[in-house]
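got a sequence here, can you build the structure:
(2 chains)
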Amino acid sequence: MTHTTVAPDDKRDVRRANKVAASDRSKAENRLGMRLVAPAIFLMLLVTAFPMLRALYLSVFNYSLTAPDDREFVGLSNYWTALTDSLFWETTLNTVFIMVVTVAVELVIGFAFAMVMHRVIFARGIIRTSILIPYGIITVVSGFAWQFAFSNNNGFVNEWLPFVEDGFNWFGQYGSAMAAIMVSEIWKTTPFMSLLLLAGLAQVSEDMLEAAKVDGATWWQRLWKVILPNMRSAIMVAVLFRALDAYRIFDNIYVMTAGAQGTESISFLTYRQVIEQFQLGIGSALSVLLFLSVLLIAFLIVKIFRVDLAAARQEG
Amino acid sequence: MAARSSTRQRGRPRGKRIAGSVATLALASSLLAACGGDGGKPTLNWYVNPDGVDTFKTYAEECSTDQYDIAVQQLPSSATDQRTQLARRLAAEDSSTDLMNLDPVFVAEFANAGWLQKIPDELATEITDGGDYLQGAVDTVTWDDGVYAIPLWANTQVLWYRKSLAEAAGLDMSQPVTWEQVIEAASSQGGTVGVQANRYEAYVVWINAMMQGAGGAIVTDTEAGRDAKVELDSDAGREAASIIQKLADSEAAQADLTVSNEGTSLGQMFPEDGPGEFMVNWTFVYANYKGLIGAPGGPADEQEFEDLGWARYPATVEGEASKPPIGGIDIGLGAYSEHPEWALEAGQCITSTDAQVDLAVNDGLMPSTNSAYDEVAASGEFPEDLLDLYRTSVDEGGPRPKSPFYSQISSAVQSVWHSPTSVTPDSTPQESADFLTEVLAGRSLL
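Prediction:
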């Protein structure tokens, strides 16, 4: 109240004084902050930046771990080899396919789960926990569990599905093998999606929903005109996180098909070059390309869908 | 308020510091204990593959001395995983990898990378020129004019068959037979031919053996590394391709030919109906059927077991001796071991004649030396003519290409030659030669 009585000139002075004081204080705080995070930054640089720079460096060599003396500088030729190789594009296409399908399905199921977790009035703890359980399971374990489930010898899927023959080998051809991989992926990560969406749902004001209801909006209209627009940034963040995650898919493929029947993803291709064949040069080039694709996807999702990360964190 | 909280703050770290110191001490002492073994006696680690582990453990104990103990560390069961695990340790210059069981195809690449101790001249000469080691086994441990491992046991493939089937087809098994004869004999009688043609290493074993049988090789001049000469597009390559095509097109092909492995064709030898099969497979087959007499998948009785015959690996070209595949295990000594001399001593002990005989008798893993073969023959555990066949096969067999890029060579061959139903002599050898050349030059992804 007091500042309303201050004369215009004084007001400016006060503001200036505040600004100076605030900037001194914030400078000191910033310095302290810097000092406090410095060890963490140093550690991060050591464990994250160093391997990345090292991969960048190795990617310009033709270098096999088993022939260290034959290491040869080849410039960008590893990148050229990768980008002109049909195998690279096949695995990229596979990866994009997996990413699009799994994220789309997870978004729908995840949203339904989020609604259930948000609206449930009885046994809230149990229901929320049971929805989240798959996310607590390690991906490799989930991969094995679903591999056994789809197995034509001792799995239950063939018996449960009426339109599938009992001896059908899910991992014997491309389509069904990909389906099995995606089912495992979706089962495992839908809870994560629903958790992110639940946070978004919690942001939708009940007043707005009440107002819409009073105005005669149906349930469907409330969903499309009130709920979804208001949680747009939460949805986009969820899609962004899951898309980046899905693009790096490895575990399920490794466990379920080991890349057979053309089910290889780009991460798996990279793994084979580096770990199985010890080709550090081309393998590093592939990991750099994988990193760049992840950056590109992040950029596209942020730009095309105009995701405001600050708003999603409620900073805006 | 401030003073109180600062006292509290100071108090807490002291507690934590003490706890921290105790933890550090405990950790340090346990690490020291791990390094020192019992009473400061060092431990040599011996990485073994899962075949014959019990015998390995016995010899680890017997070969331990007052100066050191040998501890057996088991590797994963798949050869690829074994190689990956050892390579990752050695690439990081792990000093705790003292001894390791190596598949023969890993020796060249490990030696070339500098991960294996070179075997000292005296022992190396004994292995290469001493006359006791079988030539096929010797070939697996040499690289670039040096010896880099000690052969432990040597595996080989022979042609297993039903005597009644061969007889009905009029095939004289006392003479060397060719692939063509075998395929024709089997299909004329409604029998089959068992091979390993899934997309994996054993398929390359088959292709390599057939090419060597025709006097060729997948690659030559392997010491040149990436510049090795790719020889797939040759008469030998076309011979191999035409045999695969012939089998795939014939009635003797087994239903699961494209995914067949060492285990899948075992069941076809004594089927419920049908005359059985001809099958190329490793030495474990004899003990396998002997143990299955009267059981499902095995011979019905002793008499049917007697119908199991064995002969030298089929020839690719009539009149030219076949080159049976060589497998087995060599003992490599880690280049970064802290106790290289003890590792060498232990390596000699665990590859001794006694150890080789025990592995053969207990686990069916055949020896790499003549002296061990003599003792196994004396034990009466195996038919004498079978042992002679094994011994000759290892002695005259051919290894797979010895190259630091072997895994790439193998994968490149598999990717073009699989599936066996798509192999043709007109295009497959040439296509695979082009692809392998590109892969070795780093111009193509695998």
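
just the endpoints, please. Distance across stretch A:46-65?
Stretch A:46-65 has an end-to-end distance of 23 Å (Cα to Cα, to the nearest Å).

list the contacts of that stretch.
By Cβ atoms under 8 Å, 6 or more residues apart in numbering or on different chains, the list of residues contacting stretch A:46-65 from outside reads A:70-79, A:277-282, A:284-285, A:287-288, A:291, B:87, B:91, B:113, B:226, B:404-405, B:442. Just so you know, the C-beta spots here come from the backbone N, C-alpha and C atoms, and that holds for glycine as well.

and those, which are buried?
The neighbour count (16 or more other Cβ atoms under 10 Å in any protein chain shown) marks A:70, A:74, A:77-79, A:277-282, A:284-285, A:287-288, B:87, B:91, B:113, B:226, B:404-405, B:442 as buried among the contacts of stretch A:46-65.

hmm, back to that, helices - which of the contacts of stretch A:46-65 land there?
The members of the contacts of stretch A:46-65 that map onto helices under DSSP state H are A:77-79, A:280-282, A:284-285, A:287-288, A:291, B:87, B:91.

nearest to B:Tyr390, of the residues you listed?
B:Ala87 (30.5 Å; Cβ to Cβ).

report the separation between the closest one and B:Ala186.
Distance, B:Ala87 to B:Ala186, by Cβ to Cβ, to the nearest Å: 41 Å.

next one, pLDDT for the closest residue to chain A within the stretch 251-400 of chain B please.
Of all residues in the stretch 251-400 of chain B, B:Val259 sits closest to chain A, at 9.0 Å by Cβ to the nearest Cβ. pLDDT recorded at B:Val259 is 84.

my guess is it contacts B:Asn198. True?
Yes - the criterion here is Cβ atoms under 8 Å, and B:Val259 meets it with B:Asn198 at 4.7 Å.

okay, these two: which has more neighbours?
B:Asn198 (20 against 15; other Cβ atoms under 10 Å in any protein chain shown).

which residues touch that one?
Contacts of B:Asn198 by Cβ under 8 Å, 6+ apart are B:Thr258, B:Val259, B:Ser260, B:Asn261, B:His418.

for A:Ala298, state which of those is nearest.
For the contacts of B:Asn198, the minimum distance to A:Ala298 (Cβ to Cβ) is 37.9 Å, reached by B:His418.

so which helix or strand takes in the closest residue in space to the closest one that isn't next to it in sequence?
Excluding its sequence neighbours, the residue lying closest to B:His418 (Cβ to Cβ, 6 or more residues apart in numbering or on different chains) is B:Arg199, at 4.1 Å. Per DSSP states H and E: B:Arg199 is located in neither a helix nor a strand.

which phi and psi does B:Arg199 have?
B:Arg199 adopts backbone torsions of phi -80, psi 80, taken as degrees, to the nearest 10.

can you pull the contacts of the closest residue to B:Asp69 other than its chain neighbours?
The shortest distance from B:Asp69 to any non-neighbouring residue, by Cβ to Cβ, 6+ apart, is to B:Thr43 (4.9 Å). Residues in contact with B:Thr43, defined by Cβ under 8 Å, 6+ apart, are B:Gly37, B:Tyr68, B:Asp69, B:Ile70, B:Ala71.

would you list the phi and psi of B:Thr43?
phi -110, psi 130.

so it versus chain A, what's the distance?
Per Cβ to the nearest Cβ, to the nearest Å, B:Thr43 is found 27 Å from chain A.

helices and strands of chain A: which one has the lowest mean pLDDT?
Every helix and strand in chain A was compared by mean pLDDT, DSSP states H and E; the lowest is helix A:309-312, with a mean of 59.

still on that earlier bit, secondary structure for the contacts of B:Asn198 - can I get that in CSV?
Converted to CSV, the contacts of B:Asn198 look like this (DSSP: H, G, I helix; E, B strand; the rest coil):
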residue, secondary structure
B:Thr258, helix
B:Val259, helix
B:Ser260, coil
B:Asn261, coil
B:His418, coil
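
any low-confidence regions in the chain?
Went with chain A since none was named. Within chain A, the segments meeting pLDDT under 70 span A:1-22, A:307-316.

my question was about chain B, not that one.
For chain B, the stretches flagged by pLDDT under 70 are B:1-39.

can you tell me which residues in it are near chain A?
With Cβ under 8 Å from any Cβ of the partner chain as the criterion, chain B comes near chain A at residues B:80, B:84, B:87, B:91, B:109-110, B:112-114, B:199, B:225-226, B:404-405, B:407-408, B:411, B:442-446.

if we use 10 Å, what do you get?
Residues of chain B lying close to chain A (Cβ under 10 Å from any Cβ of the partner chain) are B:80-81, B:83-84, B:87-88, B:90-91, B:106, B:108-115, B:199, B:224-227, B:259, B:403-408, B:410-411, B:415, B:438-439, B:441-446.

who's in contact with the closest residue in space to B:Val416 that isn't next to it in sequence?
Spatially, and ignoring its direct neighbours in sequence, B:Val416 is nearest to B:Ser432 (3.8 Å; Cβ to Cβ, 6+ apart). Contacts for B:Ser432 (Cβ atoms under 10 Å, 6 or more residues apart in numbering or on different chains) come out as B:207, B:218, B:230, B:232-233, B:237, B:241, B:412-417, B:423.

does the residue of the stretch 101-250 of chain B found nearest chain A count as helix, strand or coil?
Nearest to chain A in the stretch 101-250 of chain B, going by Cβ to the nearest Cβ, is B:Glu109, at a distance of 4.0 Å. Secondary structure, three-state DSSP: B:Glu109 is helix.

from chain B, how far out is A:Asn252?
Shown here: A:Asn252 relative to chain B, a distance of 19 Å by Cβ to the nearest Cβ.

my error: substitute A:Val157 in the last question.
A:Val157 is 21 Å from chain B, by Cβ to the nearest Cβ.

the closest residue to B:Asp363 other than its chain neighbours: how many residues sit nearby?
Distances taken as Cβ to Cβ, 6+ apart put B:Gly52 closest to B:Asp363, at 3.9 Å, once the chain neighbours are dropped. For B:Gly52, the tally of surrounding residues (other Cβ under 10 Å) stands at 23.

ok, A:Tyr247 next?
A:Tyr247: 22 surrounding residues under other Cβ under 10 Å.

equivalent analysis for B:Pro176, please.
B:Pro176: 18 neighbours (other Cβ under 10 Å).

next one: B:Thr316
25.

skipping adjacent residues, who's closest to it in space?
Distance criterion Cβ to Cβ, 6+ apart; nearest residue to B:Thr316, sequence neighbours excluded, is B:Gly213 at 3.4 Å.

next one: B:Gly334
That would be B:Thr97: by Cβ to Cβ, 6+ apart, it lies 4.0 Å from B:Gly334.
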